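**Q** Starting from these lines, generate the structure:
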Amino acid sequence: MTGSGPPEDGAPDLASARVLIVDPSRSARSVLERYMRWAGVGQVDFAGDGDDALRRVERFRPDVVFTEATLPGLDGLAMCRRLRADAAFGDVPVIFQTEIASDQGRIACFEAGASDVMGKPLVYAETVSRLRLHLEKRRMVQALRDFRARVEQDLVSARSMQLSLVPDAARFAPQCRERGLDVAAVFEPSTELGGDFWSVFPHPCGGVGVLVADFSGHGIPAAINTFRLHTLIENNPPGDREPGEWLARLGADLKDLLRPGQFATAFYGVIDPAARTLAWASAGHPGPILDDGSTARSLEGSGLFLGIVKEATYDTQRIDLPDGWALLAFSDALLESPDRFGRMLGEDGAAALVRQVRAGGPDRALDRLLDLFHAPGRRPLDDDLTLVWVSAAG
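**A** So this is what the prediction gives:
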């Protein structure tokens, strides 16, 4: 080994670094230690073979390992493979210092997991430069991992908070049944935060109101908008308003809260079991599917998105409900989630799916629909999936 002498000033950025030198030669270890000291490395430890190196890694927890490829007992290649297989030390930079001149020998080092390979004799300036390079890379990777862990924790918390907005089936199902309706719902979150929101409301007519909304985009902004909508509804529940009137109110309030380019689609329908009627309004949301016992069809779902124009108006539509009816309100993930072959259901496919479920009887209708939907491999979903199934109580 030959060095170019110590630098004029020690490197303060290396003062906290921990370097493990693995070499059977005491003289080689001494020279490399001198380089480390000149560079300002704070702590240096040594090992003479691969087995001893692994023990010292556990205790010393180095930031960088310099190792000879040829070691007594467990050689440097095997030692590096063992490090790479250890979750606690798999990202520790391992720099091989070797007299192997062949390309195959150097390739073998990299295939074993080497971060770098340097030929002997080592040169001081190059050795320290590479040390700094790999320390910086490792610290950047650690910073990214720490940041990712914090973001993942925040997303888990946000997802938990979003799920807390979902109505509790143990509470709403008995209340709906007392009003002559069976209501079941599924909210299946995607792999990231989404903008789906749904709820059910007791209506003064003696029936139930059903809201399904879906905000544009994904991630934290979309999830935050669901909280905004929840707060608006808490402060301004639908009461006995006509569906179109209430959507217009929500849209005007959202216009004051949403950023430019953000909006929501929504369906709000009121089912009156005594009068056997459905009154609904839509803000650009997929129309619900109505099954009459023999056919299933999509109801109209046009209308301007909520939050686009403050003065937007929405028409309330009404139909009579036939004998043996069932209604499925949903978010667009039902229509647009591809299966393993890239196929989407679309409106016709969703209606056919409802018809297939209805033909199998009323028991666990929504669970069976969800099973059929996912059977061709639609998980994991790219978007939140909301399904609300309403029928006359049996």
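**Q** only C-alpha atoms for contact and neighbour calcs from this point on.
**A** Noted.
**Q** and Asp320, what does it touch?
**A** For Asp320, the contact set (Cα atoms under 8 Å, 6 or more residues apart in numbering) comprises Arg276, Thr277, Leu278.
**Q** bridging residues for Asp214?
**A** Under DSSP bridges, the beta-bridge partners of Asp214 are Asp196, Thr265.
**Q** was I right about it contacting Phe197?
**A** Yes. Applying Cα atoms under 8 Å, one finds Asp214 in contact with Phe197, separated by 6.2 Å.
**Q** To which secondary structure element is the residue lying closest to Gly394 once chain neighbours are set aside assigned?
**A** Spatially, and ignoring its direct neighbours in sequence, Gly394 is nearest to Asp182 (7.9 Å; Cα to Cα, 6 or more residues apart in numbering). Using DSSP states H and E, Asp182 sits in strand 181-188.
**Q** and that strand, what's its mean pLDDT?
**A** Strand 181-188 comes out with an average pLDDT of 93.
**Q** For it, which helices and strands make contact with it?
**A** Contacts defined by 3 or more Cα pairs under 8 Å, 6 or more residues apart in numbering; DSSP states H and E place strand 181-188 against helix 169-178, helix 365-374, strand 385-392.
**Q** Ranking the ones you listed by mean neighbour count, which comes first?
**A** Each of these was scored by mean neighbour count; the highest is strand 385-392, a mean of 22, by mean count of other Cα atoms under 10 Å.
**Q** Could I get the average pLDDT for that one?
**A** In the prediction, strand 385-392 has an average pLDDT of 96.
**Q** what's in contact with it?
**A** Contacts with strand 385-392, where a contact means Cα under 8 Å, 6+ apart, come from 180-190, 196-198, 212, 273, 324-334, 366.
**Q** Note down every partner strand of it and its orientation.
**A** Strand 385-392 has the following strand partners under DSSP bridges: strand 181-188 (antiparallel), strand 326-330 (antiparallel).
**Q** still on that earlier bit, mutual contacts of Asp214 and Phe197, please.
**A** Residues touching both Asp214 and Phe197 (Cα under 8 Å, 6+ apart): none.
**Q** Specify the beta-bridge partners of Thr277.
**A** Under the criterion used here (DSSP bridges), Thr277 is bridged to Asp272, Asp320.
**Q** Retrieve the pLDDT associated with it.
**A** pLDDT, Thr277: 97.
**Q** ok, now Ala101?
**A** With respect to pLDDT, Ala101 scores 69.
**Q** rewinding a little: now list the buried members of the contacts of strand 385-392.
**A** Buried members of the contacts of strand 385-392, scored by 16 or more other Cα atoms under 10 Å, are 180-187, 189-190, 196-198, 212, 273, 325-334, 366.
**Q** For Arg148, what is the enclosing helix or strand?
**A** Applying DSSP H and E, one finds Arg148 within helix 124-163.
**Q** Could you tell me the angle between the direction of that helix and that of strand 181-188?
**A** 180 degrees (axes from the mean of the first three to the mean of the last three Cα atoms, to 10 degrees).
**Q** Buried residues, helix 124-163. List them.
**A** Applying a neighbour-count criterion of 16+ other Cα under 10 Å, one finds 124-125, 127-128, 131-132, 134-135, 138, 155, 158-159, 162 buried in helix 124-163.
**Q** likewise stretch 354-363?
**A** Val354, Arg355, Gln356, Val357, Arg358.
**Q** before we move on, what about stretch 95-113?
**A** By 16+ other Cα under 10 Å, the buried positions in stretch 95-113 come out as Ile95, Phe96, Gln97, Thr98, Glu99, Ile100, Arg106, Cys109, Phe110, Ala112, Gly113.
**Q** Cool, thanks, signing off.
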